[in-house]
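Student: This is the structure alone, sequence omitted:
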């Protein structure tokens, strides 16, 4: 008898696997706060080497946080999925030491494509960026299919 | 008599000033290849700590390169200008060791807003991403206005 | 003593005024279902002359409905505001006779710029398009400022 | 022996077929000026029933023109291809009586997806909108495959 793990546990397992191998996110100190099917919440603190010439957080660093949250939300059902494109709008700046939280939520998924919305909030609760990602599903799994099934003998 | 420096020299001066203070771009090894009014060409090499969990260059790192090229193209006429939003489409992956070149070109600028297109090419000449940035001009200058004027006595 | 009308009544007044003058929307049979500050809900039925060569609703007609909903949501606080740019993603087709509802919601507004999200649903409740609009506020009012104030004598 | 028609003639044939069935474009008076593989140029005149409440051309009508040009450029190699999403930036208004020309150009196409850029110019040559379309190729042909092949007996 096959006993599959829950979608929630599978999402966590996919995120753990992805994050462990994501050198760019690790280098930036990005942390996975929560990963549920089609949803992910990540955070990072703005470091000095994330600032641009105006002494605010580089837009690219904010994008990277949002894009990583998007990647977790669209891969954590264990189907390898890539970003085909993204749109970001910057609403307010972030400064050194700020904690930023990116929350990604699936809006649509059918066939091979999907749409995900990500919001970035600052620790004071203000919304500082909105991001929309377009995903494209490939063949393949984030974790081996055997990982999400536990065979337990009927006793 | 005031003798102003050329737009080309001013663009270079603005880019030099911006780049010297852009800690994020410096940390990633981004280099300014060329800066002309409304135009900029930048390059970087994909390092191991720019890879994501699929062992290809993180989309956020490609975005950061494009966004920085956009920033140079829209600030190098010496008016402080921010990115209000950007769209990126990913066409092909980049791998560790690849050299990426981002070329930013002004498409439109009137009033306080502008549109800039950026292309990212790999060293083999293939186009791997297209980016469109929306700019918003603030008050203020990248370099002091006195920097772009040389007073020379009439002799 | 000045007695101003409520924001809700002002939103309705702005939408009525805009809609009466919007020849394109009227020609397409677009109807204003609801207009509240920063929010609008509009609907239209897909007519034969809205179909493209694949016999589904032309993307431009779906965009027009969404763009009009966006215009109401960003103008109904009685500040003349234009669309500077929009992104639309098409999720599913619409057919002749379908009733489409576009719901626009303000996500951000500060200074002269704003972000609005619009969703288009079909009569069966399915989400068929998502739209994000960027707004830019001009000087001027949709209805004369005197319209939103009623002087009532103290009795 | 099979003798295929040229890509240029096939592009024209696809555009003729699409346009004849595109009721929305015909209703708006959109005309196909030129159709070459991966490229299309269309025009229309702004009519009174294309104006919005500010008495300028409704953004939805400009989008529809651009979207139609995009459709021709991405279908005229005789593979049925849909728009999955589009971004438009409005740079300047158009008025009643203006002639608008939309020029669509393929930027990228590989696998099932592609990127197309469209520019809209006014008759005075000014650029009034830029549009970027994302395409998704389905199975099927715009014109029957037999249409683009002429069997001629060897004599």
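Tutor: In hand now; what should we look at? What you are looking at is a predicted structure, and each value in this text was computed from that prediction instead of being measured. Numbering: from 1, shown residues only, chains lettered A, B, ... in the order given.

Student: Show me what residue A:40 is bridged to.
Tutor: Beta bridges link residue A:40 to residue A:35, residue A:104, judged by DSSP bridges.

Student: Can you name the residues that contact it?
Tutor: Residue A:40 sits next to A:15, A:32, A:34, A:69-70, A:72-73, A:76, A:103-104 when contact means Cβ atoms under 8 Å, 6 or more residues apart in numbering or on different chains. Where C-beta positions appear, they are placed from N, C-alpha and C, glycine not excepted.

Student: Quick one: check stretch A:71-89 for contact with chain C.
Tutor: Yes - using Cβ under 8 Å from any Cβ of the partner chain, stretch A:71-89 reaches chain C at A:87, A:89.

Student: Rounded mean pLDDT for that stretch, please.
Tutor: For stretch A:71-89, mean pLDDT is 96.

Student: returning to what we had before: kindly reformat the contacts of residue A:40 as JSON lines containing neighbour count.
Tutor: Shown next, in JSON lines, are these (neighbours: other Cβ atoms under 10 Å in any protein chain shown):
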{"residue": "A:15", "neighbour count": "24"}
{"residue": "A:32", "neighbour count": "20"}
{"residue": "A:34", "neighbour count": "14"}
{"residue": "A:69", "neighbour count": "31"}
{"residue": "A:70", "neighbour count": "29"}
{"residue": "A:72", "neighbour count": "29"}
{"residue": "A:73", "neighbour count": "31"}
{"residue": "A:76", "neighbour count": "30"}
{"residue": "A:103", "neighbour count": "19"}
{"residue": "A:104", "neighbour count": "26"}
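
Student: of all the residues in chain A, which ones are close to chain C?
Tutor: Selection of chain A residues close to chain C by Cβ under 8 Å from any Cβ yields A:87, A:89, A:91-92, A:107-108, A:110, A:115, A:127, A:130, A:132, A:134.

Student: give me the subset of those residues touching chain B.
Tutor: Okay, of those touching chain B (Cβ under 8 Å from any Cβ), that's A:87, A:89.

Student: Provide a PyMOL selection command restricted to the buried entries of the residues of chain A next to chain C.
Tutor: This is how PyMOL selects the buried members of those, with burial counted by 16 or more other Cβ atoms under 10 Å in any protein chain shown:
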select buried, chain A and resi 87+89+91+107+108+115+130+132+134
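
Student: Can you tell me the centre-most residue of chain A?
Tutor: residue A:69 (1.9 Å; Cα atoms, centre = their mean).

Student: Remind me which helix or strand it belongs to.
Tutor: Per DSSP states H and E, residue A:69 falls inside helix A:59-75.

Student: cool, and residue A:16?
Tutor: According to DSSP H and E, residue A:16 maps onto helix A:7-21.

Student: Quick check: next helix or strand after that helix?
Tutor: Using DSSP H and E, the helix or strand that directly follows helix A:7-21 along the chain is helix A:23-27.

Student: buried set for that following helix?
Tutor: A:23-25, A:27.

Student: between the helix holding residue A:69 and helix A:7-21, how many degrees?
Tutor: Taking axes from the mean of the first three to the mean of the last three Cα atoms, to 10 degrees, one finds helix A:59-75 and helix A:7-21 inclined to each other by 140 degrees.

Student: Please see if the helix or strand following helix A:59-75 touches chain D.
Tutor: Next in sequence after helix A:59-75, counting helices and strands by DSSP H and E, comes strand A:81-90. Yes - for strand A:81-90, a contact with chain D is found by Cβ under 8 Å from any Cβ, at A:84-85, A:87.

Student: what's strand A:81-90 packed up against?
Tutor: Strand A:81-90 makes packing contacts with helix A:59-75, strand A:127-137, helix B:59-75, strand B:81-90, strand C:127-137 when contacts are defined by 3 or more Cβ pairs under 8 Å, 6 or more residues apart in numbering or on different chains; DSSP states H and E.

Student: Between the two ends of stretch A:18-29, what distance do you get?
Tutor: In stretch A:18-29, first residue to last residue: 14 Å (Cα to Cα, to the nearest Å).

Student: Any part of that stretch near chain B?
Tutor: Yes - contact of stretch A:18-29 with chain B (Cβ under 8 Å from any Cβ) involves A:18-27.

Student: Is it possible to get TSV of those that adds distance to residue B:52 and pLDDT?
Tutor: TSV is the format used below for these (distance: Cβ to Cβ, whole Å; pLDDT from 0 to 100):
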residue	distance to residue B:52	pLDDT
A:18	8	96
A:19	10	97
A:20	12	96
A:21	8	96
A:22	5	97
A:23	7	97
A:24	6	97
A:25	7	97
A:26	10	97
A:27	11	97
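
Student: so which of those residues comes closest to residue C:38?
Tutor: Nearest to residue C:38 among the residues of stretch A:18-29 next to chain B is residue A:25, at 34.9 Å by Cβ to Cβ.

Student: and the closest residue to that closest one other than its chain neighbours, how many neighbours does it have?
Tutor: Residue nearest to residue A:25 in three dimensions, not counting chain neighbours: residue A:68, with 5.0 Å by Cβ to Cβ, 6 or more residues apart in numbering or on different chains. For residue A:68, the tally of surrounding residues (other Cβ atoms under 10 Å in any protein chain shown) stands at 29.

Student: I figured residue A:68 was touching residue A:23, is that so?
Tutor: No - Residue A:68 lies out of contact with residue A:23 (Cβ atoms under 8 Å); the separation is 11.8 Å.

Student: Just flag the most distant two among the residues of chain A next to chain C.
Tutor: It's A:92 and A:110 that sit farthest apart of the residues of chain A next to chain C, by Cβ to Cβ, at 33.8 Å.

Student: residues shared between the contacts of residue A:68 and residue A:23?
Tutor: Taking Cβ under 8 Å, 6+ apart as the contact rule, residue A:68 and residue A:23 both touch residue B:52.

Student: Can you tell me which residues in chain A are near chain B?
Tutor: Counting by Cβ under 8 Å from any Cβ, chain A sits next to chain B at A:17-27, A:48-55, A:58-61, A:63-65, A:67-68, A:71, A:80, A:82-90.

Student: what's the distance between residue A:10 and chain C?
Tutor: 25 Å (Cβ to the nearest Cβ, to the nearest Å).

Student: Over to residue A:94?
Tutor: From residue A:94 over to chain C (counting by Cβ to the nearest Cβ), the distance is 15 Å.

Student: what number of residues lie near the residue nearest to that residue when sequence neighbours are not counted?
Tutor: Leaving out its chain neighbours, the residue that sits closest to residue A:94 by Cβ to Cβ, 6+ apart is residue A:57, at 4.0 Å. Look at residue A:57: counted by other Cβ under 10 Å, it has 27 neighbours.

Student: any idea of the pLDDT on residue A:57?
Tutor: On pLDDT, residue A:57 comes in at 98.

Student: and it, what are its phi and psi?
Tutor: Backbone torsions of residue A:57, given as degrees, to the nearest 10, read phi -60, psi 130.

Student: circling back: now the residues of chain A next to chain C as TSV including distance to residue B:123?
Tutor: What follows is the residues of chain A next to chain C, written out as TSV (distance: Cβ to Cβ, whole Å):
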residue	distance to residue B:123
A:87	28
A:89	32
A:91	36
A:92	37
A:107	37
A:108	36
A:110	37
A:115	33
A:127	39
A:130	34
A:132	31
A:134	27
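
Student: Please tell me how far whichever strand or helix holds residue A:43 is from the chain's geometric centre.
Tutor: Using DSSP H and E, residue A:43 sits in strand A:39-45. When distances are taken as Cα atoms, centre = their mean, to the nearest Å, strand A:39-45 is centred 7 Å away from the chain's centroid.

Student: what's the answer for stretch A:124-131, then?
Tutor: Distance, stretch centre to chain centre, for stretch A:124-131: 16 Å (Cα atoms, centre = their mean).
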